[in-house]
Every structure is written in C-alpha cells, then in structure tokens.
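Asks: dropping a prediction and its sequence here:
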Amino acid sequence: MSFPLTRGAANACIGNSFRGGVSPRNTRHLRGQSTLEYVLIIALIGLVVVFAGPWIASAIRNQFNTVARAIMSGTTGENFYEPEDIPDPESGTAFAIYSEDDHSLMFYKRRGVPQVGDMFNDRRVTALYTGIETARYRAIPQPETTGIGEGRQSVAVDNGDVCTPWYDYAGECKTVCVTDEGIHPISAKYWFQNFVKCTSFDVLKIDSSSITDISHLFFAYKSVEKIDLTTWDTSNLKESLSTFARCSMLQSVGFCNGDFSNTDSLDWMFSGCSSLSLDCSNWNVSSNVTHTDFAGNALGVVPPKAWQ
C-alpha cells in the first residue's frame, strides 16, 4: 500500500537530492579519495625525512659549527679584536701605560700598541712607553707634540740614567700592575722609585730570569706595606743597590729563593726600612758581594749567615 507524497515532502526530497545536497553514495566515494590522498602525502613526507633528513641535519650542523668557530676565533682576537687587545707573550710588544683616570701604571705585552688618547681597558691612555724589555725606554708620542700631559718632560733613558720616563707620574701613581705574562726585561732599575702614593702593587707576572739590575727599584716607595716578589728569579742578578732603601712603611718582602750568588752589590739594599721584618740568613750570596749598610736602621732584618 502506498501513500502519495505531499507537496512539502516532495519538495524536501527534491531539495535534499538536487539543491546542493550530496547523496550518501557520492559522500562515501569522496571520503575514500581524501583518505588516500592524506596517506600518499604522509608517505611522501616520510620518504623525504628518511632520505633527505640526514643531509638537512648535516647542513644545519655545519652552519652552526661555522658560526661557533667564528665566535671562538673572535674571542681570541682573530676576527673581532684589535691587535692591541690580543696578549702575545711570545712575540708581542711590551709596553706600559699611565692613565690619569685612576692614576695607574699598567704593563702589557700585545700584538699591537694603542695610542695616547685612546680608551684602553676602560682607561684613557695618558702616556705610553715602550722599550720595557730592552731598557731603552721611549715615550710614544712625546707629550710636547700631543698636548697631553703638557708641561711634563718625558725622556728616553737607558740603564745609565737616573730615572724611567714614567717617573713624571711617580708622585701621582696609586696602582702598579703587570697585566700580561711574557714580559722579560733585562733591567728594572729605577722602575718604581719615589712612588710615594702607590698602595696597590702586583708584578708577579714579570719574567725576571733575564734581569741583571734592580737598583733603586723601590727606592722611597713609602706607602706600600708588602711587596711580593715570590715569582722573581734573582739568580742572574748583578746589581741591587738601594733596592728597598727608605721604604719606611714596608713590613714584608717575599722572595722566590734568595739566590744572590751572582750579585756583585747589595749595598744599602734595605737601608732605612725601619718597619721591615725579614730573615735573610739563608740567602745564597757571593763571597765577593759588597754589602755596605745592607740594612742600616732596619733592626728587623737579619743579614745572611756569611756576613755574621
């Protein structure tokens, strides 16, 4: 038995079938194609990952390694630093810088040398000195040609003169520091005499194995209480006249081994060191060494046994 469709029902059927609708049969067919396409896409991606993935990963690693090498090279100065920023203990140029910013005298050994007026290690270069290792000191450039340090008369000197060029700042210097290793001077004569205001002092990085003369090295160095020379080799030393004379505030001095077996003169070495306490009884000294007033007015200094 059949029932006739009403006009509304007929229209509804027509709308579902012919007005943009999709029959279940067609829907199943389209859904199958979509699934197959997704499977093929996933499979293709998988093949790319399997075959091209290692190459891509290697390329990425290579790029990262290239950048890393550049950065590491830059941190040692190869790419990003100026020559004067690169320490070179083997073949660099030794120089000293005085800066009025903090009244410091700093010693370096670098591949290059800065200029007067430059900012170097966060300090303005007031004066620059070379010839540190040869004792043929030079101020570069001379203050009278730069206008910096006007009124000061820096001079080029050798071991026969009575001062170093940075003596101009002896009364102002507050800090002395040897920053770089590999500085091996043949003389330290007069280096820090009359540094009356200097309270911070570090020269442990100096290679002293070639030094033959430390006369007047700390003469009248009146503000310092302790001097540490425990890394200094004195076995090749020839002259040590008045090395610590008139260091009235000095309380202790540290030496590496007390080997003065090749030294010709220890005259006035500790004369006037009234606050010093030092036992030199085990020093190795030459039988021919002169020692006039070795520790005059320095009652806390015990002389070598050879002289007792």
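Replies: Yes, it's here.

Asks: and the helices in the stretch 101-250 of the chain?
Replies: Assigned by DSSP state H, counting those that start in this stretch, the stretch 101-250 of the chain shows helices spanning 143-146.

Asks: ends of stretch 227-234, how far apart?
Replies: 15 Å (C-alpha to C-alpha, to the nearest Å).

Asks: can we start the residue count at 289 from this point?
Replies: Sounds good: first residue 289 from here, last item stretch 515-522.

Asks: and T487, how many neighbours?
Replies: 12 (other C-beta atoms under 10 Å). Any C-beta I mention is one placed from the backbone N, CA and C, and that applies to glycine too.

Asks: from R412, how far off is it?
Replies: Distance, T487 to R412, by C-beta to C-beta, to the nearest Å: 21 Å.

Asks: and if you look at V590?
Replies: Taken as C-beta to C-beta, the span from V590 to R412 is 46 Å.

Asks: ok, Y478 next?
Replies: Y478 sits 26 Å away from R412, going by C-beta to C-beta.

Asks: what about these two, which has more around it?
Replies: It is Y478, of Y478 and R412, that has more neighbours when counted by other C-beta under 10 Å, with 24 against 15.

Asks: pretty sure the more buried one contacts H504?
Replies: Yes: with contact defined as C-beta atoms under 8 Å, Y478 reaches H504; the gap is 4.9 Å.

Asks: next structured bit after the helix or strand harbouring V327?
Replies: For V327, the host element (DSSP states H and E) is helix 312-363. Per DSSP H and E, helix 312-363 leads on to strand 381-387 as the next helix or strand towards the C-terminus.

Asks: which residues are contacting that next one?
Replies: 392-402, 408, 411-418, 420-421, 454, 457, 461, 470-471, 473 (C-beta atoms under 8 Å, 6 or more residues apart in numbering).

Asks: just the buried subset of the residues you listed, written out for ChimeraX, thanks.
Replies: Typed into ChimeraX, the line below selects the buried ones among the contacts of strand 381-387, using 16 or more other C-beta atoms under 10 Å:
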select :392,393,394,395,396,397,398,399,401,402,408,411,413,414,415,416,417,418,420,421,454,457,461,470,471,473
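
Asks: in the stretch 389-538 of the chain, which spans are strands?
Replies: Ranges of strands within the stretch 389-538 of the chain are 392-398, 407-408, 411-412, 415-418, 426-427, 463-466, 488-490, 514-517, based on DSSP state E, counting those that start in this stretch.

Asks: can I get the ones you listed in CSV with distance to S559?
Replies: As requested, the strands of the stretch 389-538 of the chain are exported to CSV (distance: least, C-beta to C-beta, whole Å):
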stretch, distance to S559
strand 392-398, 25
strand 407-408, 38
strand 411-412, 35
strand 415-418, 29
strand 426-427, 31
strand 463-466, 22
strand 488-490, 20
strand 514-517, 16
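
Asks: among those, show the one with the smallest mean pLDDT.
Replies: The minimum mean pLDDT among the strands of the stretch 389-538 of the chain belongs to strand 426-427 (a mean of 88).

Asks: how far out from the middle of the chain is it?
Replies: With C-alpha atoms, centre = their mean, to the nearest Å as the basis, strand 426-427 stands 23 Å off its chain's centre.

Asks: what helices and strands are in contact with it?
Replies: strand 415-418 (3 or more C-beta pairs under 8 Å, 6 or more residues apart in numbering; DSSP states H and E).

Asks: distance between the strand it packs on and the chain's centre?
Replies: For strand 415-418, the distance to the chain centre is 18 Å (C-alpha atoms, centre = their mean).
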